[in-house]
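Engineer: structure for this input, please:
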Amino acid sequence: MDRMMSAANGDYRETYEKFQWRIPAYYNIGVDVCDRHAASSPNTTAVICEGEDGQSSEYTYGEVRDLSNRLANALISRGCSQGDRIAILLSQVPENGIAHVATYKMGAIAVPLSSLFGPDAIEYRLRDSGARALITDAKGSGKLRGMRDRLEGLQDVYVIDGSNSSGELDFDRELDQSSADFTPVHTLADDPALIIYTSGTTGSPKGVLHAHRSLLGHLTGFELSHRFFPQPGDKFWTPADWAWAGGLLDSLLPTWHYGLAILGSNVSRKFDPDYVCYLIEKYDIRNTFLPPTALRMMRRGASSGGNRKISLRTVMSAGEALGAETHQWASEHLGTTVNEMFGQTEANYVIGNCYPLMAVRPGSMGRAYPGHKVALLDPDGLVVSPGETGEIAVHRNTPVMFLKYWNKPEATEAKFSGDWMRTGDLASSDEDGYLFFKGRADDIISSAGYRVGPTEVEECLLSHPAVSLAAVIGVPDEVRGSIVKAFIQVAQGYSESEALKNELQNHVKQRLAAYEYPRLIDFVAEIPTTTTGKIKRADLRQRER
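Structural biologist: The predicted model follows:
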């Protein structure tokens, strides 16, 4: 596939109109992002990992190839085969990327799981995907206690740095005993490669199934949002979890496609602006994906007297609207113009900016990237006029379009209106095609770049004996964009109290994920519902205005 470098000599409209996809019939992500580089430059650094002690480890492309070959052989020797789901529950460590490469090369399907997930979130995704094997660490292993007997399909658990639990496999030992020679499966570009779970507005989280071709579809947006990536000296880092589309498909895999180094961090801490600056300076990071919440936290730290002035070649931001003031601050303190981008797990990196190919208009998330057709539709499926608000829709004829929701054919069908995939996000456009985000058409909560489905949080709260009924909405927040707020009807025999609020917050933190817990809780006598018992979240949102 041709790079977009020629766009530097043209303009946006010319580049967009002339672009054509060249997707080969056969394509394998693992071979593309690793083996082809290992064949030509095996000693080139692929990944650097910062540890808790400040020491770093490095792996070359040759080492990633050999270790992923060993892992593929180990998985196959224990019965895994093409099409099986391999779950990966790890932080930003080299073994995470190695596990992805091995899975793709053997024609299996990777199921990345966030290290932030609690037991309930992990169990649901392992069961729903039918994962055959899981690769994790001691922390992840601890979260599995009590659920193994309920996961009949999960045959093998590989634990990095050994395991104290019976029935689990020592990751390093299994690799040492396996061959470094492996012939990758000759996969079609349309063969399934990856399931990423996203929260829905109703029911349980949905598994978004992507084909190998999806990575190729991300490259136009990646190149342009990072100003004709790669350039000499480029090196990538993001705080985004490699289990999410933003960390995996917007960061790790595109960086490896171009044969460059990415920085990972195996440090357990909340987002810390000082630590971000430390990493960028120590490792000479030139390119990053920083969600708007991260940039706002860095800006707030700078206004409090922190040392925040660093120099980057490119910054991409996505997940929510950045805002003109933060955009201006970033330009002054990070040494570059931030290129905002928009996408969904189902069809990602489809809209964005590319300074200097096109002028960045603060408040706008940009225009459709080359190769992607985007429209704003009204409820009847008609395209709205410039200045009017419509739902962002992506035409299905793009390599980034997902194959289906795993085990949810009805949800897959409902996602489309003819050839258009409806995102549930509202926007308006100006006469030049720049898009301006307006909000959600459904109940999804966008908080600090994470998308939170209210139903999963409500179900978790209802599992606590003190909760009779729960409703969850998003409310505005200056730093995070939105935060989760819960309305609780207390069960008989329990009393409303601050102690109960704290208990419910911890209940969600421990069972789902820290970013999903309700930062605000109101006890109410009655939660509004429809005649069929559905929660009327719109009424609750109206109360907050």
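
Engineer: how about low-confidence regions in the stretch 1-150 of the chain?
Structural biologist: Where the stretch 1-150 of the chain drops to pLDDT under 70, the residues are 1-10.

Engineer: can you rerun that using 50?
Structural biologist: Counting by pLDDT under 50, the stretch 1-150 of the chain contains low-confidence ranges at 1-2, 4-9.

Engineer: any chance you could map the strands in it?
Structural biologist: Ranges of strands within the stretch 1-150 of the chain are 45-50, 56-60, 85-89, 109-113, 133-136, based on DSSP state E, counting those that start in this stretch.

Engineer: relative to residue 481, which of those strands is closest?
Structural biologist: Shortest distance between residue 481 and the strands of the stretch 1-150 of the chain, using Cβ to Cβ, is found for strand 109-113: 23.6 Å. Where you see a C-beta, it was placed from the backbone N, CA and C, and this is true even at glycine.

Engineer: which residues sit against that closest one?
Structural biologist: 83-89, 99-100, 103-104, 121-122, 125-126, 129, 131, 192-197, 207, 209, 242-244, 248 (Cβ atoms under 8 Å, 6 or more residues apart in numbering).

Engineer: next one: residue 110 from residue 391, what distance?
Structural biologist: Distance of residue 110 to residue 391, computed by Cβ to Cβ, to the nearest Å: 30 Å.

Engineer: which pLDDT does the model give residue 460?
Structural biologist: pLDDT, residue 460: 89.

Engineer: regarding the chain, what is its longest helix?
Structural biologist: Criterion DSSP state H: the longest helix present in the chain is helix 61-77.

Engineer: right, and the helix or strand after the lowest-mean-pLDDT helix or strand in the chain?
Structural biologist: Least confident helix or strand, the chain: helix 292-303 with a mean of 76, by mean pLDDT, DSSP states H and E. Where DSSP states H and E defines the elements, the next helix or strand beyond helix 292-303 is strand 314-317.

Engineer: quick one: the next helix or strand after that next one to chain centroid distance?
Structural biologist: Scanning forward in sequence from strand 314-317 by DSSP H and E, the next helix or strand is helix 324-333. Mean-position distance between helix 324-333 and its chain equals 24 Å (Cα atoms, centre = their mean, to the nearest Å).

Engineer: repeat that for stretch 156-172.
Structural biologist: That offset, for stretch 156-172, works out to 27 Å (Cα atoms, centre = their mean).

Engineer: counting neighbours, what do you get for residue 364?
Structural biologist: 26 (other Cβ atoms under 10 Å).

Engineer: what pLDDT is listed against it?
Structural biologist: We have a pLDDT of 88 for residue 364.

Engineer: equivalent analysis for residue 234, please.
Structural biologist: pLDDT, residue 234: 97.

Engineer: so it sits in a strand?
Structural biologist: No. Counting by DSSP: H, G, I helix; E, B strand; the rest coil, one finds residue 234 to be coil, located in no strand.

Engineer: who does residue 447 bridge with?
Structural biologist: With DSSP bridges as the criterion, residue 447 is bridged to residue 450.

Engineer: I figured it was touching residue 485, is that so?
Structural biologist: No. Using Cβ atoms under 8 Å, residue 447 makes no contact with residue 485, being 10.4 Å away.

Engineer: re the thing from before, show me which of the contacts of strand 109-113 are buried.
Structural biologist: 84-89, 99-100, 103-104, 121-122, 125-126, 129, 131, 192-197, 207, 209, 242-244, 248 (16 or more other Cβ atoms under 10 Å).

Engineer: helices - which of the residues you listed land there?
Structural biologist: 99-100, 103-104, 121-122, 125-126, 129.

Engineer: out of these, which is nearest to residue 161?
Structural biologist: So of these, ranked by how close each gets to residue 161 (Cβ to Cβ), first place is residue 99, at 14.5 Å.

Engineer: isn't the closest one up against residue 136?
Structural biologist: No. Between residue 99 and residue 136 there is no contact under Cβ under 8 Å: 9.6 Å.

Engineer: can you tell me how far the nearest residue to residue 482 once chain neighbours are set aside is from residue 488?
Structural biologist: Nearest residue to residue 482, sequence neighbours excluded (Cβ to Cβ, 6 or more residues apart in numbering): residue 474, at 3.8 Å. Look at residue 474 and residue 488: by Cβ to Cβ, they are 16 Å apart.
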